[in-house]
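# with the sequence up front, the predicted model follows.
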Amino acid sequence: MKHKFKTAHSVEKFFSGSRIGVMLIHGLTGTPTEMASIGKLLNKKGFSVYCPLLPGHCVSEEELKKTSYSDWVAGMLEALESFSEHMDVVFTGGLSIGATLSMKLASLMPEKIRGQVLYSITLKYDGWTIPRLSFLLPLVLRIPYVGYRYSFKEAWPYGLKNERLRKRIHAAMSSGDSVAAGFRGTPGFSLREFWRLADEVKSDMPSINTPTLVLHSWHDDIASKESNAFYVRDNLGRTPKVIILEDSYHLITIDQERRRVVQETVNYFSSLLNKEELLEMKKGGKK
């Protein structure tokens, strides 16, 4: 049965379906739009899908620098509380740092989350496009004012193996359309906040028992499978299901294998529902 749910911000996405819900969190400097494609496909299967906006995003880098990782967590906790009021069952998930935030939610509110999916989980920037000396960044960004003054620009291939999409994202970034493609760069201050979040989530992992699906590319240009997907596999309190993709880069929710990503997500979430819940989900599907 379709129902109404009011988003908190005009750029947020909501696709109305059944009372089986999925909340998808975008990445750092990203936008809810990057989750809309997979959200629409999940909605066709019957899920209600909510893509909230991280605090400080889709305005300017200056606004983003006013927020800390605790603001991002607080914003997503509020979004989860609001969404849960309209759902019988809620799953969470996220892309990149959005996946890291999903794990933080699972550590803080496990009773609200039936299961989660981690798309290109990012705990460490160490993909094949990341400079070898990047391990020095945490030290550099501790220097007063450096984190506020410097921004690290997005570079080719922009997390995409699909050349057509890559050109489109590059054009949107170059035009300054932060709603469509996010920011062109990542403020040093925000990177520092990401590392603080990642360290905290790593400490939380052994106590997280939420059923978890990890989807990661073998060729991720931003976050290697070894330091991220496999780290989660080896340290999460409950052993997750891990699927490694072979024809995508970092943005697996919109890249070459996006339809497989959707199907694996549907299959996993469906396995966590009882018969009555599955019937409810299917009622919300679209022909």
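Good, I have the coordinates.

# wait, Pro110 touches Ser207, no?
No: counting by C-beta atoms under 8 Å, Pro110 stays clear of Ser207, with 9.1 Å between them. Every C-beta, even on glycine, is put in place using the N, C-alpha and C of the backbone.

# burial count for Leu53?
By the criterion of other C-beta atoms under 10 Å, Leu53 has 24 neighbours.

# pretty sure it is in a strand, no?
No: if the criterion is DSSP: H, G, I helix; E, B strand; the rest coil, then Leu53 is coil and not within a strand.

# leaving out sequence neighbours, find the closest residue to it.
Excluding the flanking residues, the one nearest Leu53 by C-beta to C-beta, 6 or more residues apart in numbering is His9, at 4.7 Å.

# which parts of stretch 36-56 are buried?
Within stretch 36-56, the residues that count as buried by 16 or more other C-beta atoms under 10 Å are 36, 38-39, 41-56.

# these in strands, which ones?
Counting by DSSP state E, the buried residues of stretch 36-56 place Ser48, Val49, Tyr50, Cys51 in strands.

# reformat those as CSV; add distance to Asn267 and pLDDT.
Shown next, in CSV, are those (distance: C-beta to C-beta, whole Å; pLDDT from 0 to 100):
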residue, distance to Asn267, pLDDT
Ser48, 18, 97
Val49, 16, 98
Tyr50, 21, 98
Cys51, 21, 97
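
# mind listing the helices in the stretch 101-250 of the chain by residue range?
Taking DSSP state H, counting those that start in this stretch as the test, the helices found in the stretch 101-250 of the chain are 137-140, 146-149, 163-175, 178-181, 188-204, 229-235.

# mean pLDDT for these: which is lowest?
Confidence, taken as mean pLDDT, is least for helix 178-181 of these (a mean of 47).

# need the contact list for the nearest residue to Arg19 once chain neighbours are set aside.
Among residues not flanking Arg19 along the chain, Asp88 sits closest, at 4.3 Å (C-beta to C-beta, 6+ apart). Under the criterion of C-beta atoms under 8 Å, 6 or more residues apart in numbering, the neighbours of Asp88 are Arg19, Ile20, Glu277, Glu280.

# next: Ser107.
Ser107 makes contact with Val201, Asp204, Ser207, Ile208, according to C-beta under 8 Å, 6+ apart.

# now Ser84
Contacts of Ser84 (C-beta under 8 Å, 6+ apart): Gly21, Val90, Lys112.
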